[in-house]
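>>> A structural model of the following input is requested.
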Amino acid sequence: MEKNTLVIVESPAKAKTIEKYLGAGYKVTSSIGHVRDLPKSNKDAVDIEGGFIPRYIVSPGKEKVIRELKELAADAKEVLLASDPDREGEAIAWHVAELIKEDNKKLKRIVFHEITKDAVQEAITHPRKIDEDLKEAQEARRVLDRLVGYDLSGLIWKKVRYGLSAGRVQSPALRILMEREREIRAFIPDDYFVLTAHAKKDTMEIPFTCTEEPAEEKEAQRIKKVGEEHKWEVQKIKESEAKRAPRPPFTTSTLQQTASTRLGFSPSRTMQAAQKLYEAGHITYMRTDSTNMSQVALKQIHALIPKEFGKEYLQKRTFKTKSKSAQEAHEAIRPTNFAKQSVGTTADQKALYELIYARALASQMADAKTKRTKILANVTDTKAVIPDFSVNGARVVFDGWLKADPGARGEDTEVPKLAEGDTIQVTKVAIEAKQTQPPNRYSEAGLIKELEKRGIGRPSTYASIIRTIIDRGYVEKEGRTMIPTDTGDVVSSFLEEHFADYIDDDFTSDMEDQLDDIAEGKRKYKKVLTDFYKPFSKAVAGKENIEKLTNLGPGPKEFKCPKCKKDMVIKLGRAGKFLSCGTFPECDGARMIDGTELKDDEPIGNHPETGEPIFVLTGRFGPYVQLGATPDKKDKKAAKPRRAALPAGMEAEDVTVADAVKYLLLPRELGEHPKTGEPVVANTGRFGPYIVHAGDYRSLKGKDNPYDITFKRALNILKEPKQGRKGEKIVKELGVNPHTKKLVNVYESKSGQYLRKGFKRIMLPEGTKLEKFEMQDAINLLKIS
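Below you'll find the model as predicted:
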């Protein structure tokens, strides 16, 4: 029997799509993401003295995957490594090859930028060796980020606050946000006045706006007086035609920006949907700097446009890639088949595909033509001098590319039909006092645009940069606006003061260029890392003796210490900035940053049995009761006091000692489940009373309550089939995940079989045999999701 060719990709979904295009003689399997990584223990992660050699370990939970890959490789005629066509994909291919090279020497690399039958079969005919330069560029980025993050974070722990961190690319992004924040703080608004002349022509009411905005109210009042005392006429009508050219097809950056502004998607959400569309074969590779499209794609588009819209709508175009670092895929993000106008299995995927489809199609269409009209009016008395008043309008006279992408059109604003010399009656001139506004804070889309403009990061890193600074608590999102937190302010200020050169735009951009040079074979891995790390580590070591940043500066003079009446200083706490007595620790007086006094918590009474004080406090998740005082944070051995959340509907100020004693009975451990040995617990939370066993939560209803429910009754409730989502059923119970201590089940609905991770479905790879699917398989699948 002839052996198969083994094709290894990194995603089960990708394997499923590719398998459809390769006939007999091929076996397609997945590494399920990365198989090796740097250890979490930074001390041993990189051998610096030996030439920055990474000490890789097998990724936790991947032992079974690697064992299966080795067995399949040993039984194959040859192995084709088909991970994604970028540096990370090259690195994954290299890691897999390193692990299986003893099992099969015939290892080759293939790449394709879209998962279509033609592209996959074409790639099969052009195998190559693993590109060591691309692999080393990815390795250099990984090692650099680890060394910088470890060294800077260690210093920040010592000099600012334990638990904070800094990153090579995230820190410049945070600095950009903070620079804008300081501009906003320093902004001094100026007054100005907007004047509107409410005019009438026959039955039409027309608001004309003054073309000048006076800074003085006296001048605004003069214009108003003249305007209301004189007759008016239309003095000039200006008409012009403007063209709007379509934009190029999407790159990673422009896709993330447009999905944010049009769909409200975060960069991570955009990339998740794009990844699924790519793996299903619907779009080209989604990490790219290029705006080029293949001749095959252009032929499809050029044939489609005249058929769908008419010959006058076709305009063949070639777009030049602006990015100097277009090093990922060689094509823009576009549909693989323009006959499909709507694809995707989720609402996110469908919306994103429609955006990609419209942009790619529109890029080969004629300019839209707009007619702009400006009507100028003024008083008829030439001696009474006031600025012109105007009304503006614009309407599309030929929609061109907007026909394919109507979301980019905007609204037409028609102007009234008037002629030069027409008299108009102004009934009133209104004055509105306004102030100039500070610059806007960045949105996610705006920050990505700025990072790209400054050469910070690359297509594959934008989403993770933003996710990281949000997850670390350095930035908060209000709607789409990104606002630095107090913690972000302090960390950025510290880095700007002590490591300005290393978080500078030019330095960060130059470092990215050097990584690009490694990928192109123009620079050597060891030299780039040595040239960077030698001065960097010296700079970090040189800051070891700086004073700890305990104070962030003097507090406002109007807020004195509530205890000793001395001056206060600003400090950084877990919840942000606060005011502390300048003599601390001699005096522990404190205020919130707005001046509100921070007082010691006072108990509502004592527990009738233990005599301990009972407090009603408020935390991140709402009010709760606590038995005993909060221990000193320095006392690591002190036992944590017992706490319990207030039931839904109970206000903190209404809690009595009797109520608190009852609440403190929770959580109640009822016993160990006879099948799993895991505890069954009764408790109450934000959504009401419940019992829980190994992550299986069941609400308590009717007469059942967490204070007196019995173990037997709880087991009966847990035996009842859990009410799943509509059309969903459990087809296999795998037991308790040893890492998370939660139950893992395989579910089934019309869409197939899957695991659940919160509200997210993790589909089982096609061809999975349920009887052989075990807990370790589930753990691996959940890990890469």
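
>>> who does the nearest residue to Asn737 once chain neighbours are set aside bridge with?
Nearest residue to Asn737, sequence neighbours excluded (CB to CB, 6 or more residues apart in numbering): Val744, at 5.1 Å. The way it works is simple: take the backbone N, C-alpha and C, and place the C-beta from them, glycine included. Taking DSSP bridges as the rule, Val744 bridges to Gly735.

>>> can I assume Val744 is in contact with Met775?
Yes: counting by CB atoms under 8 Å, Met775 is a contact partner of Val744 at 6.5 Å.

>>> Now do the strands in the stretch 601-750 of the chain.
For the stretch 601-750 of the chain, strands defined by DSSP state E, counting those that start in this stretch occupy the ranges 605-606, 613-619, 622-627, 642-645, 668-672, 679-685, 688-693, 696-699, 729-736, 743-749.

>>> Show me what the fourth one is packed up against.
Under the contact criterion of 3 or more CB pairs under 8 Å, 6 or more residues apart in numbering; DSSP states H and E, strand 642-645 touches strand 622-627, strand 679-685.

>>> go again using 6 Å as the cut-off
Packing contacts for strand 642-645, counted by 3 or more CB pairs under 6 Å, 6 or more residues apart in numbering; DSSP states H and E, involve strand 622-627.

>>> Next, the angle from the strand it packs on to strand 679-685.
Calculated by axes from the mean of the first three to the mean of the last three CA atoms, to 10 degrees, strand 622-627 forms an angle of 120 degrees with strand 679-685.

>>> Parallel or antiparallel, list what pairs with strand 622-627.
Using DSSP bridges, the strands paired with strand 622-627 are strand 613-619 (antiparallel), strand 642-645 (antiparallel).

>>> contacting residues around the last one?
What that stands for is strand 642-645. The contact list for strand 642-645, computed with CB atoms under 6 Å, 6 or more residues apart in numbering, reads 624-627, 663-664, 666.

>>> what does stretch 12-28 give?
Stretch 12-28 has contacts (CB under 6 Å, 6+ apart) with 4-7, 9, 30, 115, 117, 120, 279-281, 765-766.

>>> Identify the farthest-apart pair in those residues.
Maximum pairwise distance among the contacts of stretch 12-28 (CB to CB): 24.1 Å, between Asn4 and Ala280.

>>> what distance separates stretch 639-659 from the centre of its chain?
36 Å (CA atoms, centre = their mean, to the nearest Å).

>>> no no, stretch 337-344
The chain centre lies 27 Å from the centre of stretch 337-344; the measure is CA atoms, centre = their mean.

>>> what's the closest of the strands of the stretch 601-750 of the chain to Glu88?
strand 743-749 (28.5 Å).

>>> in the closest one, what's buried?
743-748 (16 or more other CB atoms under 10 Å).

>>> Kindly report the same for stretch 709-722.
The neighbour-count check on stretch 709-722 (16+ other CB under 10 Å) flags 709, 711, 713-715, 717-718 as buried.

>>> and what of stretch 25-37?
Going by neighbour count (16+ other CB under 10 Å), the buried part of stretch 25-37 is 26-37.

>>> Pull the helix or strand harbouring Asn392 out as PDB, backbone CA atoms only.
In the assignment (DSSP states H and E), Asn392 maps to strand 389-398. Only the C-alpha atoms of strand 389-398 are listed here, as PDB (Å, rounded to 0.1, in the frame of the first residue of the first chain):
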ATOM      1  CA  PHE A 389     -23.500  84.300   5.300                       C
ATOM      2  CA  SER A 390     -23.700  81.000   3.400                       C
ATOM      3  CA  VAL A 391     -25.600  77.800   3.000                       C
ATOM      4  CA  ASN A 392     -23.900  74.800   1.500                       C
ATOM      5  CA  GLY A 393     -25.100  71.700  -0.200                       C
ATOM      6  CA  ALA A 394     -23.700  68.700  -2.000                       C
ATOM      7  CA  ARG A 395     -25.400  65.900  -4.000                       C
ATOM      8  CA  VAL A 396     -24.100  62.900  -5.900                       C
ATOM      9  CA  VAL A 397     -24.700  63.300  -9.600                       C
ATOM     10  CA  PHE A 398     -22.900  60.000 -10.500                       C
END
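
>>> Need the contact partners of stretch 239-248.
Residues outside stretch 239-248 that contact it (CB under 6 Å, 6+ apart) are 291, 319, 362-363, 365, 367-373, 401.

>>> Looking at the residues you listed, which gets the smallest pLDDT?
pLDDT across these is lowest for Phe319, at 89.

>>> all helices of the stretch 451-600 of the chain, in order?
Taking DSSP state H, counting those that start in this stretch, the helices of the stretch 451-600 of the chain run over residues 462-471, 486-498, 505-519, 525-541.

>>> which one of the ones you listed lies closest to Ile333?
Nearest of the helices of the stretch 451-600 of the chain to Ile333, taken as CB to CB: helix 462-471 at 13.7 Å.

>>> which of the residues in the closest one are buried?
462-470.

>>> farthest pair in those residues?
Greatest spatial distance among the buried residues of helix 462-471 (CB to CB): Tyr462 and Ile470, at 13.0 Å.

>>> quick one on the thing from earlier: for the residue nearest to Asn737, give me its contacts.
Contacts of Val744 by CB under 6 Å, 6+ apart are 734, 737, 778.

>>> Could you rerun that using 8 Å?
Contact analysis of Val744 by CB atoms under 8 Å, 6 or more residues apart in numbering lists 734-737, 755, 775, 778, 782.

>>> Buried ones among those residues?
The neighbour-count criterion (16+ other CB under 10 Å) marks 734, 736-737, 755, 778, 782 among the contacts of Val744 as buried.

>>> Could I get these in a markdown table, plus columns for pLDDT and distance to Thr17?
Supplementary listing: the buried ones among the contacts of Val744 in a markdown table, determined by pLDDT from 0 to 100; distance: CB to CB, whole Å:
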| residue | pLDDT | distance to Thr17 |
| --- | --- | --- |
| Leu734 | 86 | 26 |
| Val736 | 83 | 33 |
| Asn737 | 84 | 29 |
| Leu755 | 87 | 20 |
| Ala778 | 86 | 22 |
| Leu782 | 81 | 21 |
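
>>> between these, which is nearest Ser443?
Leu782 (32.1 Å).

>>> and the gap between the closest one and Asp84?
Separation of Leu782 from Asp84 (CB to CB, to the nearest Å): 21 Å.

>>> Brilliant, that's me finished.
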